[in-house]
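Student: Predicted model and sequence below, questions to follow.
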Amino acid sequence: MPSYSRISGTGSALPGHKVSNDELAADLATRGIDTSDAWIVSRTGIRFRHFADPGTTSVDLGEQAARRALDAAGLQAQDIGLIIVATSTPDMIFPSNAALIQGRLGVAGAAAFDVQAVCAGFVYALAVADQFVRSGMAQHALVIGAEVFSHILDFNDRTTCVLFGDGAGAVVLSASDTPGMLAAALHADGRQADILCTPGRVSGGEIAGSPFLKMDGQAVFKQAVHVLEDVAREALAKAQRTPEDVDWMVPHQANIRIMTHTAKKLGIPVEKVVVTVDQHGNTSAASIPLALDSAVRSGQIRRGDTLLFEAVGGGLTWGAAVVDY
Ligand code: UT7
């Protein structure tokens with residue numbers, strides 16, 4: 001039985017429509033909504049985000065990211081024994097995005113299901129896949145984060161619509177004799193569900209409740225700076241590593257202020273934080289694998305580096321993972 005799981009390939013996908021803060025602000029102005037590049041950059045670090053057109057879905061983006069991760073791992077779709085997709089913007093109520101992507105890849109047989117932990121979804125999915133691989137239930141697992149948050153944004157609400165973008169990232173996690181995934185820590189506090197949610201549901205052929213994302217940004221911010229340091233320390237301790245051992249921190253890309261604050265509290269130099277929030281905005285469950293793939297492909301992250309993933313999102317859910325890449 002394999003002792004470990006290891007990331008054997010990464011991939012990502014972004015929809016073609018890249019929108020600057022100025023373009024978004026000009027568009028919002030036509031609706032009477034006042035915002036600016038200066039406000040968005042100073043409060044969040046976001047400069048651009050990619051928006052999918054209405055016909056492009058999280059399955060479309062997830063499939064592209066998955067194919068690129070398979071190529072990078074040197075594997076075929078039929079080699080995969082497990083597909084997990086982290087998403088809060090699936091194509092359908094059911095079947096899962098994982099099943100739909102499996103169908104697109106033209107294979108059958110592997111287990112396939114979605115994980116719903118919002119922005120912490122990728123860390124949750126990675127931790128689940130690691131258990132499957134280490135126990136011998138799957139030799140290779142595809143772990144995908146794929147989102148089209150633009151489809152659930154209220155473009156009349158400037159406190160949320162400037163923050164999010166669309167995209168997908170994927171990793172292949174493979175059985176290995178040498179350590180890769182070292183430890184993970186996952187948590188949730190369902191008592192805080194209402195500070196970040198999309199409360200709508202389908203009932204009797206109609207949408208009951210709002211289908212738009214709503215967030216109490218300040219409440220989430222306060223929770224984020226509190227829980228992220230703790231969960232990162234917990235995962236590092238489980239991995240028997242210290243913040244000094246971290247070569248690259250790959251955080252959920254929601255807000256540059258949260259990312260750098262957490263790094264500083266941990267004593268990790270900000271130069272070791274992978275930053276893509278400026279280019280992608282907040283892509284929820286896709287943000288960590290998107291940042292990871294861009295840092296791998298740019299040569300920032302190299303084989304042997306120790307990585308720290310951390311994320312917090314709706315639920316509240318939060319988690320961290322320590323990985324030898
Ligand atoms: O991915 C899941 C996890 N999510 C997060 O981690 C998000 C956490 N929260 C945040 O990142 C921040 O709270 C925000 C970026 C959402 C907001 O930043 P903030 O510094 O907490 O701003 P604020 O909500 O305190 O708003 C400050 C001011 C307000 O005006 P007044 O009341 O001071 O006059 C807002 O109305 O900024 C105003 N404002 C805006 N102004 C221009 C809010 N949104 C905008 C906007 N453009 N888009």
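Tutor: Arrived safely.
Student: any idea how far the spatially most central residue of the chain is from His50?
Tutor: Centroid check for the chain by Cα atoms, centre = their mean gives Ala285 as the closest residue, at 2.6 Å. Using Cβ to Cβ, to the nearest Å, one gets 15 Å for the distance from Ala285 to His50. (Glycine included, C-beta is placed from N, CA and C.)
Student: Ala254 too?
Tutor: Ala254 is 16 Å from His50, by Cβ to Cβ.
Student: quick one, which of the two is more surrounded?
Tutor: Ranked by neighbour count (other Cβ atoms under 10 Å), Ala254 and His50 place Ala254 first, with 27 against 21.
Student: where does the more buried one fall, phi/psi-wise?
Tutor: Main-chain torsions, Ala254, degrees, to the nearest 10: phi -110, psi -40.
Student: Need the nearest residue in space to it, chain neighbours excluded.
Tutor: In this structure, Ala254 finds its nearest non-sequential neighbour in Asn282, 4.6 Å apart by Cβ to Cβ, 6 or more residues apart in numbering.
Student: what do you get for Phe122?
Tutor: Nearest non-adjacent residue to Phe122 (Cβ to Cβ, 6+ apart): Gly145, at 4.1 Å.
Student: Would you check that the one you found makes contact with Ala286?
Tutor: Yes - using Cβ atoms under 8 Å, Gly145 is in contact with Ala286, at 4.1 Å.
Student: Indicate the residue of the protein located nearest to the ligand.
Tutor: Per Cβ to the nearest ligand atom, Gly217 is where the chain lies closest to the ligand, at 2.8 Å.
Student: So that residue is in contact with Val162, correct?
Tutor: No - with contact defined as Cβ under 8 Å, Gly217 does not count as touching Val162 (10.9 Å).
Student: the more surrounded of the two?
Tutor: Taking neighbours as other Cβ under 10 Å, Gly217 and Val162 compare with Val162 leading, 25 against 16.
Student: Next up, the contacts around the more buried one.
Tutor: Contact partners of Val162, counting by Cβ atoms under 8 Å, 6 or more residues apart in numbering, are 21, 24, 28, 35, 40, 44, 46.
Student: In the protein, which helix is the longest?
Tutor: The longest helix of the chain (DSSP state H) is helix 217-238.
Student: picking that back up, name the helix or strand for the residue nearest to Phe122, please.
Tutor: strand 140-148 (DSSP states H and E).
Student: Can you show me the CA trace of that strand as PDB?
Tutor: Below are the C-alpha coordinates for strand 140-148, written out as PDB (Å, rounded to 0.1, in the frame of the first residue of the first chain):
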ATOM      1  CA  HIS A 140      -4.300   8.800  -9.100                       C
ATOM      2  CA  ALA A 141      -6.900  11.400  -8.200                       C
ATOM      3  CA  LEU A 142      -8.000  14.500 -10.000                       C
ATOM      4  CA  VAL A 143      -8.700  17.400  -7.600                       C
ATOM      5  CA  ILE A 144     -10.300  20.400  -9.300                       C
ATOM      6  CA  GLY A 145     -11.500  23.800  -8.100                       C
ATOM      7  CA  ALA A 146     -13.800  25.400 -10.700                       C
ATOM      8  CA  GLU A 147     -16.000  28.400 -10.400                       C
ATOM      9  CA  VAL A 148     -18.100  30.900 -12.300                       C
END
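Student: That strand and the ligand, are they touching?
Tutor: No - Strand 140-148 lies apart from the ligand when judged by Cβ under 6 Å from any ligand atom; the minimum separation is 10.6 Å.
Student: what packs against that strand?
Tutor: Packing partners of strand 140-148 (3 or more Cβ pairs under 8 Å, 6 or more residues apart in numbering; DSSP states H and E): helix 58-73, strand 82-86, helix 97-105, helix 121-134, strand 166-176, helix 287-297.
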